[in-house]
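K.L.:
What would the 3D arrangement of this be:
(2 chains)
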Amino acid sequence: MNCSAVRTQILALPDPRELTPELRGHVLSCAGCQAWARQAARLEGLLAQLPVPAAPGEKKEALLGDLMQADPVILPLATPAARPGFGAVAGRFLRANAGYVAGLAAAVLVAVGLYSFWPTRPVGTPEVAKVHKDPLLEKLVSGNAALARAGTPAKRLEVLGTMADAVASDARAMARLAPADIGARATQYENLIRDGVVPRAQDVQRATLGMKADERAALEALAEKLKAEATAADALAKEVPQDAQPALTRIADAAREGEQKLRAAARGGK
Amino acid sequence: MARALYLLFAFTVLAAWAGAQPPAAPAALSAEDKLRVMRANGNLVDSLVRDGLTLARATNAEDRAAQCRGAALSLLRAIEDAAKAEDAERVAELAGLYREVVRDGLIPTISEAQVGVTPESPSGRKLRDLRRATTNDVAALKAALPAGKVTDSPRVRDAVRDLEALTAELNR
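P.N.:
Numbers count the residues shown, from 1 in each chain, chains lettered A, B, ... in the order given. Below is the predicted model of the structure:
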C-alpha cells in the first residue's frame, strides 16, 4: 500500500482519529503519513469544537415559502373523474339502442302473453275427457248423496226440489236440440214432483203438528219455484219445434199441480 | 323513440291484463256432444231419479244407507258397460261420480246409522255387511276393467287409485 492510498483512506474514515490496524501499521513505519494522520485527527477534533450559530426564527418559514413558490417536486396523483352510475350507463345505452331494446322487450312480452293464453292441459287428460261431463248427471249424483244424508222430511224435500229443477232445466235446454228426446225428461220430472216433492211436502206437514214458520216458508218458496217452472215451460213450448211441445206441456202441468199441493200443504192440508 | 315507448307501454299493459285473467273456464259442450251425452246417459239418469225417489222414502239412516248403495250400484253398472265398450274416459268420469256418492252419501250415512248400534245387533250386522258389500263392489269393478286401453288410461288409473283410497276409508 503506498502513501497516497493510505492518506486517501485516512480521509475517508468516519473518524480519522481511529485508524484501522492495516493503516496504523503503515503510519507507524512512515513519518510522512504519520504527520498526515496527525493533522487529519487534529482537524477532526477542531471541527467538533466549532460553535453552531443559532438559526433565525423566520428562516424555516422563509425556506418553506421559497420551496412552495416553485412547482412542487412531487405532484399529487391525478384524481380520476367520478365513475358514472349504472342508471346513467343504462340510460345512455337505452338511448343509443332504443329500437333494439323496445323490439326485444316487445318480443318478451308477446312471448309471455302467448304463454299466458296458451291452453294448458294436464298430461294424460285428452280433449275427449270434457265431452263426458254431464251436468245433469252430476246434479243427480250429488242429490242422491244429499238424500242419503238428509235426516228430516224438510231436508229431503229441499233436495228433491233441486233435482226436479235440474231435470226441468235440462229439458228446456235440450228442447230445440233434441225435441224428440225430452219426453224422458218430462217423465222424470213428473215422477220427481208427484212421487217425490208432493209426498215429502205432506211428510213435512204431518211431521210437525202446527207447522213451524220456517217450514211453511220453505214450502211456499218451493211452490213459487214450481210456478216459475210452469211459466217458463209454457213460454218455451210456444217457441220450440212441435215434437218438444208435449213434453214441455207435461212439465208445466206437473209443476202447476205440485205448486198447488205444496201451497195446500203449507196451509196445513186445507 | 316515443313510438317505441308507447309500444312498450301497450305490451306491458296487455301482459299485465293477461296475467290477471282467471283460468279459462272449460269449454261448453258442443250441440253434438250434448246430444251424445244425453243419449248415453239416458238410462243412468232414469235410474238415478228412481234411486233418489227411493232414498227420499227411507226414513232412518240404516235404510238410507242401504238405498244409497242402490244409487252407487246404478253407477257401477254404467261403469261396467263403459268398460266393456272400452270407453276409458267414460269409465273415469263415472268412477268419479261413484266415488262421490259413496264418499258423500254412503259412508257418512253408515257412520250415522252406527251411532248407538252394537256390532252384533241385527242393525250392526246389516251395516257391516253393507260396508263389506261396497268394498266387494269396488274390487269387482277393478277386476272388470279390461286390460289395455282402459287400464292404460291415466285418468282411469287415477280413478282406480281414488277408489282404493275410498275402500280404505270405508273399512276404517
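
K.L.:
So for the residue lying closest to residue A:145 once chain neighbours are set aside, what's the pLDDT?
P.N.:
Using Cβ to Cβ, 6 or more residues apart in numbering or on different chains and skipping the chain neighbours, the partner closest in space to residue A:145 is residue B:105 (3.3 Å). C-beta: built from backbone N, CA, C; applies to glycine. For residue B:105, the model assigns a pLDDT of 96.

K.L.:
Please list all residues in contact with residue B:105.
P.N.:
Applying Cβ atoms under 8 Å, 6 or more residues apart in numbering or on different chains to residue B:105 gives the contacts A:144, A:145, A:146, A:147, A:148, A:149, B:68, B:71, B:72.

K.L.:
Distance-wise, check the third one relative to chain B.
P.N.:
Just to be clear, that refers to residue A:146. The spacing between residue A:146 and chain B, counted by Cβ to the nearest Cβ, to the nearest Å, is 7 Å.

K.L.:
Residue A:201 versus that residue, what's the distance?
P.N.:
Using Cβ to Cβ, to the nearest Å, one gets 17 Å for the distance from residue A:146 to residue A:201.

K.L.:
same thing with residue B:100?
P.N.:
Remark: distance between residue B:100 and residue A:201 (Cβ to Cβ) = 27 Å.

K.L.:
of the two, who's got more company?
P.N.:
residue A:201 (28 against 18; other Cβ atoms under 10 Å in any protein chain shown).

K.L.:
got a list of what the more buried one touches?
P.N.:
Contact partners of residue A:201, counting by Cβ under 8 Å, 6+ apart, are A:157, A:219, A:222, A:261, A:262, A:265.

K.L.:
Closest one to chain B out of these, please.
P.N.:
Closest to chain B out of the contacts of residue A:201 is residue A:157 (8.2 Å), distances taken as Cβ to the nearest Cβ.

K.L.:
ok, the closest one - how many residues close by?
P.N.:
Neighbour tally, residue A:157, other Cβ under 10 Å: 27.

K.L.:
isn't it right next to residue A:198, touching?
P.N.:
No - using Cβ atoms under 8 Å as the test, residue A:157 is too far from residue A:198 to be in contact (9.4 Å).

K.L.:
mind pulling up the phi and psi values for the residue nearest to residue B:79 when sequence neighbours are not counted?
P.N.:
Take residue B:79 and drop its neighbours on the chain: the residue closest to it by Cβ to Cβ, 6+ apart is residue B:94, 4.6 Å away. Phi and psi for residue B:94, reported as degrees, to the nearest 10, are phi -70, psi -30.

K.L.:
Quick one: the helices in the chain, in order.
P.N.:
If you meant another chain, say so; for now it's chain A. With helices called from DSSP state H, chain A shows them at A:3-12, A:21-29, A:31-49, A:59-69, A:86-96, A:98-117, A:135-149, A:153-174, A:183-191, A:198-207, A:213-237, A:245-266.

K.L.:
Not quite, go with chain B.
P.N.:
Ranges of helices in chain B, per DSSP H, are B:2-20, B:31-40, B:42-57, B:61-84, B:88-101, B:107-114, B:122-144, B:149-152, B:154-170.

K.L.:
Can you tell me which of these is packed in deepest?
P.N.:
Among the helices of chain B, ranked by average contacts under mean count of other Cβ atoms under 10 Å in any protein chain shown, first place goes to helix B:88-101 (a mean of 24).

K.L.:
got the angle between that one and helix B:31-40?
P.N.:
60 degrees (axes from the mean of the first three to the mean of the last three Cα atoms, to 10 degrees).

K.L.:
Now do helix B:88-101 and helix B:107-114, the angle between them.
P.N.:
30 degrees.

K.L.:
neighbouring contacts of helix B:88-101?
P.N.:
With Cβ under 8 Å, 6+ apart, helix B:88-101 has contacts from A:126, A:128-129, A:131-133, A:137-138, A:141-142, A:144-145, A:148, B:40, B:68, B:71-72, B:75-76, B:78-79, B:82-83, B:141, B:145, B:149-150, B:152-153, B:155-156, B:158-160, B:162-163, B:166.

K.L.:
Which residue of chain A lies farthest from its centroid?
P.N.:
Of all residues in chain A, residue A:31 has its C-alpha farthest from the mean position, at 105.1 Å, by Cα atoms, centre = their mean.

K.L.:
which residues of chain A score low on pLDDT?
P.N.:
A:53, A:55-57, A:70-82, A:117, A:119-131, A:208-210, A:269-270 (pLDDT under 70).

K.L.:
That one - how does it break down into domains?
P.N.:
Following automatic domain parsing, one gets these domains for chain A: A:3-46, A:135-266.

K.L.:
what would those look like in TSV with distance to residue B:64?
P.N.:
Below are the domains of chain A laid out as TSV (distance: least, Cβ to Cβ, whole Å):
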stretch	distance to residue B:64
domain A:3-46	125
domain A:135-266	5
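
K.L.:
and among those, the most buried is which?
P.N.:
Ranked by mean neighbours (mean count of other Cβ under 10 Å), the domains of chain A are led by domain A:135-266, with a mean of 20.

K.L.:
what about chain B, any weak spots by pLDDT?
P.N.:
Scanning chain B for pLDDT under 70 picks out the ranges B:1-2, B:4, B:7-8, B:11, B:15, B:18-19, B:22-27.

K.L.:
Let me have the contacts of residue B:105 in JSON lines, extended by distance to residue A:240.
P.N.:
Converted to JSON lines, these look like this (distance: Cβ to Cβ, whole Å):
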{"residue": "A:144", "distance to residue A:240": "30"}
{"residue": "A:145", "distance to residue A:240": "33"}
{"residue": "A:146", "distance to residue A:240": "31"}
{"residue": "A:147", "distance to residue A:240": "31"}
{"residue": "A:148", "distance to residue A:240": "36"}
{"residue": "A:149", "distance to residue A:240": "37"}
{"residue": "B:68", "distance to residue A:240": "36"}
{"residue": "B:71", "distance to residue A:240": "32"}
{"residue": "B:72", "distance to residue A:240": "36"}
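
K.L.:
any idea which of these is closest to residue A:188?
P.N.:
Relative to residue A:188, the closest of the contacts of residue B:105 is residue A:144; by Cβ to Cβ it sits at 13.6 Å.

K.L.:
quick one: the closest one and residue B:56 touch, right?
P.N.:
No - taking contacts as Cβ under 8 Å, residue A:144 lies outside contact range of residue B:56: 9.7 Å.

K.L.:
who touches both of the two?
P.N.:
With Cβ under 8 Å, 6+ apart, residue A:144 and residue B:56 have no common neighbours.

K.L.:
what separates the residue nearest to residue A:145 from residue B:138, distance-wise?
P.N.:
15 Å.

K.L.:
Kind regards, and thank you for your time.
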